[in-house]
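Asks: Just a sequence and a predicted model for now, questions to come.
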Protein chains: 2
Amino acid sequence: MISGKFAITLHILTLLSKAPEDFLSSDYIAGSMNMNPVLVRKEIANLKKNHIVESKEGKNGGTRLLKPAAEITLNDIFKMTFETVTFGYSKNEPNPECLVGKQINQNLGNLYDDINQKISKQLSEISLLNFADTF
Amino acid sequence: MISGKFAITLHILTLLSKAPEDFLSSDYIAGSMNMNPVLVRKEIANLKKNHIVESKEGKNGGTRLLKPAAEITLNDIFKMTFETVTFGYSKNEPNPECLVGKQINQNLGNLYDDINQKISKQLSEISLLNFADTF
DNA sequence: TCATACTGTAATAAAATAGATTACAAATTT
DNA sequence: AAATTTGTAATCTATTTTATTACAGTATGA
């Protein structure tokens, strides 16, 4: 299983980018995604922490982008919703008596680092605007 | 969360590659990984389905590689343990009345396809032998 | 000013997935 | 024949993800 944070966040931002002046409510956004508004607000909290959006409380409140969609890359979104891509580690500590067990996590980490660099490069070449324009 | 299938399978194969003549038991392998032998046998079942290893039942039985470690790529392992890399989809069907909701999964899928191509290319350039040689 | 409509956030529950364990039949070796 | 190992099903436990409930705080505007 993989958490839907990236997909949810990108969905939120796509909606916001389509109406950059307006404050959209978490309820409206949740309606487009068919999910609970509280979860939307949680992802928005993360976006705020990263200075991508601002929110206004109270009646007619909601959330809007803090900067143009052209200046937000999918890599920015990736970084704030995943630490890294990994293909996983074994859950338990491997046996340190074993040559392979002793080093496997280090070597997997190196491999995953390389992959992440490539993914980040690719995602940094796509802006939110690029993505939103495909709708 | 992400399943450890890739990491577990790669660990198994690394061990097998270090003793390509011998049949290693699931119990021995599980010892190196500090995990349950039944789970090891399940991943081995997957490897057998993909003609990467063969097993022998009975006393002194176990598993060994069917082909040289140089001829197995990390992409082969990736393909048999993950369908694809995704950064996830929202769990629920999005709202088909919404322009964004209607298309989001398609557009995410396209993005993920592009990423998978790059990852596959990168992984196909690393053989099991290459990986095992770093131990 | 007061009802309304929002956000923010904590606490808890439910659902889904991953991993561990148990059990035992079948196969092979010695 | 005894011992060892795979193969696999069934079940249980742990962990993670998602949903829900609840409510305090804030802004709007009639």
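Replies: Here it is on my side, so go on.
Asks: Grab the nearest non-local neighbour of residue A:31.
Replies: Spatial nearest neighbour of residue A:31, chain neighbours left out: residue B:95 (6.1 Å); criterion: C-beta to C-beta, 6 or more residues apart in numbering or on different chains. Yep, even glycine has a C-beta here, placed from its N, CA and C like the rest.
Asks: ok, that neighbour - contacts?
Replies: By C-beta atoms under 8 Å, 6 or more residues apart in numbering or on different chains, the residues touching residue B:95 are A:31-34, B:101-102.
Asks: what helix or strand does it sit in?
Replies: Assigning secondary structure by DSSP states H and E places residue B:95 outside every helix and strand.
Asks: Please tell me how far it sits from residue A:43.
Replies: As judged by C-beta to C-beta, to the nearest Å, residue B:95 and residue A:43 stand 17 Å apart.
Asks: what do you get for residue A:98?
Replies: Applying C-beta to C-beta, the value for residue A:98 to residue A:43 is 41 Å.
Asks: For stretch A:25-42, what is the distance to the chain centroid?
Replies: Mean-position distance between stretch A:25-42 and its chain equals 16 Å (C-alpha atoms, centre = their mean, to the nearest Å).
Asks: Could I have the CA atoms of it written out in CSV?
Replies: What follows is stretch A:25-42, C-alpha atoms only, in CSV (Å, rounded to 0.1, in the frame of the first residue of the first chain):
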residue,chain,number,x,y,z
SER,A,25,-13.3,25.6,0.9
SER,A,26,-12.1,22.2,2.1
ASP,A,27,-15.6,21.1,1.7
TYR,A,28,-15.7,22.0,-2.0
ILE,A,29,-12.4,20.4,-2.6
ALA,A,30,-13.4,17.3,-0.7
GLY,A,31,-16.4,17.1,-2.9
SER,A,32,-14.3,16.9,-6.1
MET,A,33,-12.2,14.2,-4.5
ASN,A,34,-15.1,12.4,-2.8
MET,A,35,-13.2,12.3,0.5
ASN,A,36,-13.4,13.7,4.0
PRO,A,37,-12.8,17.4,4.3
VAL,A,38,-10.7,16.9,7.4
LEU,A,39,-8.2,15.0,5.4
VAL,A,40,-8.1,17.8,2.8
ARG,A,41,-7.5,20.3,5.6
LYS,A,42,-4.6,18.1,6.8
